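Trainee: got a structure for you, letters missing:
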């Protein structure tokens, strides 16, 4: 969906980005700059709404999707540790074994990347000519720079929970290249224990009322071949605004079947 029908919104966006360093560069304050800016916005894709992984609805407040508890439920691709198609090498299998041995009772710090892209928490995509901002309800944000820059040099890079992302448009498809992601499993116990050398390439496009993505992950430390997943999102009709919450209510536990549950607050346990 292009923004040809949104010239007024584009002009408003011009004022919102007037303070941006890129907009303030020489030439952007000359006559006609606002019109050129509006034309840039008119050519961009427009993905309004709040998007949730299409393999997860209807997920209850526990966060446990029906596909986890119902063996007959469809099993879509996943970016989680439980994905069936991860081509682990020997070192990767050792990491997985250690994770399974130690993950009981661990508390998460958030979703982190890549699992934030394949989670019950809604996502929002804010698209400008220079950057695509992807945020979720837990205050996690990915800045995908689409202004033609390369990744920073090695001495200006360090691992983070969301890594460093640059992007480009291939027609109506957003192509994202992400590097320098901290071992995702250190951030969230359900994430795959990939190394900081992993490279993630996402191809995201709008297909009717559904966003789709092909995600290719290469990691010489833990994978024997590229790991390719196909995921998608649908609009979460229960959201009419993005609400930012913290992660302090994470009370993950396990029931007698080993399934994650939400534990009561510490002061109410055992009563």
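Mentor: Here it is on my side, so go on. Everything numeric here is computed off the predicted structure, so don't read it as measured data.

Trainee: is residue 116 in a helix, a strand, or coil?
Mentor: Recorded secondary structure, residue 116: helix (DSSP: H, G, I helix; E, B strand; the rest coil).

Trainee: what is the neighbour count of the nearest residue to residue 173 once chain neighbours are set aside?
Mentor: Leaving out its chain neighbours, the residue that sits closest to residue 173 by Cβ to Cβ, 6 or more residues apart in numbering is residue 205, at 4.3 Å. Every C-beta, even on glycine, is put in place using the N, C-alpha and C of the backbone. Residue 205 has 18 neighbouring residues, counting by other Cβ atoms under 10 Å.

Trainee: beyond the helix or strand harbouring residue 205, next helix or strand please.
Mentor: Residue 205 is part of strand 199-207 when elements are defined by DSSP states H and E. Counting by DSSP H and E, the next helix or strand C-terminal to strand 199-207 is strand 210-218.

Trainee: list of residues touching that next one?
Mentor: Applying Cβ atoms under 8 Å, 6 or more residues apart in numbering, the contact partners of strand 210-218 are 47, 51, 54, 79, 114, 117, 125, 194, 198-206, 223, 226-234.

Trainee: buried ones from these, can you make that a ChimeraX selection?
Mentor: Paste this into ChimeraX to select the buried members of those, with burial taken from 16 or more other Cβ atoms under 10 Å:
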select :47,51,54,79,114,117,125,194,198,199,200,202,204,205,206,223,227,229,231,232,233,234
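
Trainee: strands along this structure, start to end?
Mentor: Ranges of strands in the chain, per DSSP state E, are 51-53, 123-127, 131-136, 141-145, 164-170, 173-179, 199-207, 210-218, 227-235, 252-254, 260-262.

Trainee: count of residues packed around residue 119?
Mentor: Neighbours around residue 119, by other Cβ under 10 Å: 25.

Trainee: neighbours of the nearest residue to it once chain neighbours are set aside, just the number please.
Mentor: Once flanking residues are discounted, residue 119 sits nearest to residue 111: 5.0 Å by Cβ to Cβ, 6+ apart. By the criterion of other Cβ under 10 Å, residue 111 has 25 neighbours.

Trainee: what sits against residue 111?
Mentor: By Cβ under 8 Å, 6+ apart, residue 111 lies in contact with 119, 121, 136, 138, 140, 187, 188.

Trainee: in TSV, list those along with distance to residue 168.
Mentor: Formatted as TSV, the contacts of residue 111 follow (distance: Cβ to Cβ, whole Å):
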residue	distance to residue 168
119	25
121	26
136	23
138	28
140	23
187	27
188	28
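
Trainee: now go through those residues and say which are in helices.
Mentor: residue 187 (DSSP state H).

Trainee: which one among the contacts of residue 111 gets closest to residue 177?
Mentor: Of all those, residue 177 sits closest to residue 140, with 19.0 Å by Cβ to Cβ.

Trainee: remind me which residues of the stretch 151-271 of the chain are low pLDDT?
Mentor: 248-271 (pLDDT under 70).

Trainee: now the residue nearest to residue 119: phi and psi?
Mentor: Main-chain torsions, residue 111, degrees, to the nearest 10: phi -80, psi -50.

Trainee: and the pLDDT at it?
Mentor: Reported pLDDT at residue 111 in the predicted model: 90.

Trainee: what separates the nearest residue to residue 82 once chain neighbours are set aside from residue 80, distance-wise?
Mentor: Closest residue in space to residue 82, ignoring its immediate chain neighbours: residue 190 at 7.3 Å, by Cβ to Cβ, 6+ apart. Counting by Cβ to Cβ, to the nearest Å, the separation of residue 190 from residue 80 is 5 Å.

Trainee: ok, these two, which is more surrounded?
Mentor: More neighbours surround residue 190 than the other of residue 190 and residue 80, with 21 against 17 (other Cβ under 10 Å).

Trainee: in contact with the more buried one, which residues are there?
Mentor: Residues near residue 190 by Cβ under 8 Å, 6+ apart: 80, 81, 82, 108, 115.

Trainee: and these, which of them are buried?
Mentor: Among the contacts of residue 190, the ones that count as buried by 16+ other Cβ under 10 Å are 80, 81, 108, 115.
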